[in-house]
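Asker: Just to be clear, the model below is a prediction. Sequence and coordinates:
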Amino acid sequence: MKEKAKILDKEAIARSIMRIAHEIIEKNKGTDELCLVGIRNRGVYIAKRLAECIKKIEVKDIATGALDITLYRDDLALASGQPLVRKTEIDFDINDRNLVLVDDVLYTGRTIRAALDALIDFGRPKSIQLAVLVDRGHRELPIRADFVGKNIPTSKKETVEVHLEESDGIDEVLIAEKE
Amino acid sequence: MLWTKKDLLGLEYLTQGEIELILETAASFKEVSTREIKKVPALRGKTAVNLFYEPSTRTRVSFEVAAKRLSADVINIATETSSVRKGETLIDTGKNIQALKADIIIMRHNCSGAANMLARALDISVVNAGDGWHEHPTQALLDIFTLKEKLGKIKGLNVAIVGDIAHSRVARSNIWGLTKLGANVTLCAPKMLLPVEIEKTGVKISSNIDEALRNADAVNVLRMQFERDEGAAFPEQLDYYQRFGITEERLAKAKKDIIVMHPGPINRGVEMSSEVADGSNSVILEQVTNGIAVRMAVLFLVAQARETKT
């Protein structure tokens, strides 16, 4: 990995999340029946921040859960190392709610496909929307995000690294070239 | 921490890190059984074979439930009605199952070391569901998982294991697992039910139940295996209950929150009183629930290891 360029800093990330919070409220015409589910790990932190922003705007608590998609991955059967299974925590009913799925980076779309399969096992939301901090393109499945923090055109040789306070001690989005 | 072993044969062969990985993975799997749809597609297309040479309901059913919640297909072979009766050897049976392109064999056998032998002969995964007096790793893992869930840690805990240690694979696996994770283990049993040289494993021995319970954070009560009685080796049931049975009077002298475990099935009035078995210190049914999560974790990990091997 070399030549890291900083695409977003702390302030830019905060502004993006605040804007997405406004967009979520606007699109759903308020926060009734709204809930957020973050994809482990960093999607969960972003979902929690979104919930805080929405609370600031609408003065309402939004149910927020965490989803681990490991068991639904389509590459589980391939020889691609060994994923760690982490906890799924959705302690509210998702039936008939407008559910916003949250992740840090949208890339091939396969993670989202797995997340959709996992969510359907939990119930039947009225709608599922997708919010991501970064959309880097190169989709391999017919999936798009409803809310995007920043579109970052990349080549497949590059990697996008999202660092968040909660997991990495710093808020930043970097782009790096694979050696 | 990466899981690399295609088999789970015993806790003797695992590192502290590997045991902790199973426990952590099990903690994640526990949530699946609380869903309305209790199933994830992780082992879709995999076949698990329950090969039981000894009667067992709870372990076999627990493994079957675990495999099905991972979407694996499960086949049960009861050896009484199979070609084993015609004299087929264990290795031949295993190779035939492998030729059917099954992925995991879950085996219970009355000979110590049977699972190790089968695992060496096959490329597919072997999970030991109890072999003779040797090991019953998933039972010990679920005991340890339950303890950790209740008390938050294993290191430094005082755990008493009471009962027929000599004939108990559950005790052996627990001793390996608990000592590797830093617990202090005390065994309490009539002398004739203690294996020779067991103190070499680093455990303490006590022949007085009140003494063994005094500082214990948990007590794991083993089943008296009267069905294995081969003559004079066993004490009378009543005499055993009076000397070693866990009763409310005995618990009253122990730590207030002492955890009482039992691998089941319970002989009420032999190893413990009914009041204790159903009392507030007992976690016996939680052990059963946790057994599913632990076995899901084990099946998932050995199946993954097999895939990274080739």
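Answerer: Cool, the structure landed.

Asker: Do a quick rundown of the helices in the chain.
Answerer: In the absence of a named chain, this looks at chain A. Secondary structure of chain A (DSSP state H): helices at A:10-27, A:42-58, A:110-120, A:165-168.

Asker: I was after chain B.
Answerer: With DSSP H as the definition, chain B shows helices at residue ranges B:16-29, B:58-69, B:90-99, B:114-121, B:137-151, B:169-180, B:209-214, B:237-244, B:248-252, B:274-277, B:284-309.

Asker: of these, which approaches chain A most closely?
Answerer: Evaluated with C-beta to the nearest C-beta, the helices of chain B place helix B:16-29 nearest to chain A, the distance being 4.4 Å. From N, CA and C alone the C-beta is placed, and that goes for glycine too.

Asker: would you list the helices of chain A in TSV and tack on distance to chain B?
Answerer: What follows is the helices of chain A, written out as TSV (distance: least, C-beta to the nearest C-beta, whole Å):
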stretch	distance to chain B
helix A:10-27	26
helix A:42-58	14
helix A:110-120	7
helix A:165-168	17
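
Asker: returning to what we had before: out of the helices of chain B, the one nearest A:Arg144 is which?
Answerer: Nearest to A:Arg144 among these is helix B:16-29 (29.7 Å), distances taken as C-beta to C-beta.

Asker: got the angle between that closest one and helix B:284-309?
Answerer: 110 degrees (axes from the mean of the first three to the mean of the last three C-alpha atoms, to 10 degrees).

Asker: elements contacting helix B:16-29?
Answerer: With contacts defined as 3 or more C-beta pairs under 8 Å, 6 or more residues apart in numbering or on different chains; DSSP states H and E, the packing partners of helix B:16-29 are helix B:137-151, helix B:169-180, helix B:284-309.

Asker: One more pass at 6 Å, please.
Answerer: Packed against helix B:16-29 by the contact rule (3 or more C-beta pairs under 6 Å, 6 or more residues apart in numbering or on different chains; DSSP states H and E) you find helix B:137-151, helix B:284-309.

Asker: quick one: contacts for B:Leu23?
Answerer: B:Phe145 (C-beta atoms under 6 Å, 6 or more residues apart in numbering or on different chains).

Asker: was I right about A:Phe92 contacting A:Thr64?
Answerer: No: under the criterion of C-beta atoms under 6 Å, A:Phe92 makes no contact with A:Thr64, lying 8.8 Å away.

Asker: which of those two has more neighbours?
Answerer: A:Thr64 (23 against 13; other C-beta atoms under 10 Å in any protein chain shown).

Asker: Leaving out sequence neighbours, find the closest residue to A:Arg73.
Answerer: The spatially closest residue to A:Arg73, leaving aside those adjacent along the chain, is A:Ala114, at 5.3 Å (C-beta to C-beta, 6 or more residues apart in numbering or on different chains).

Asker: Identify the residue spatially nearest to the most centrally placed residue in chain A, adjacent ones excluded.
Answerer: Central residue of chain A (C-alpha atoms, centre = their mean): A:Asp103, 1.1 Å from the mean position. The shortest distance from A:Asp103 to any residue other than its chain neighbours is 4.0 Å, reached at A:Gly43 (C-beta to C-beta, 6+ apart).

Asker: swap in A:Cys53?
Answerer: A:Ala21 is the one closest to A:Cys53 (C-beta to C-beta, 6+ apart), at 3.6 Å.

Asker: what do you get for A:Arg124?
Answerer: Using C-beta to C-beta, 6+ apart and skipping residues adjacent in sequence, the residue nearest A:Arg124 is A:Asn95, 5.6 Å away.

Asker: got it, and A:Asp96?
Answerer: On the basis of C-beta to C-beta, 6+ apart, the spatially nearest residue to A:Asp96 that is not a chain neighbour turns out to be A:Lys126, at 5.0 Å.

Asker: And the one you found, how far from chain B?
Answerer: A:Lys126 sits 17 Å away from chain B when distances are taken as C-beta to the nearest C-beta, to the nearest Å.
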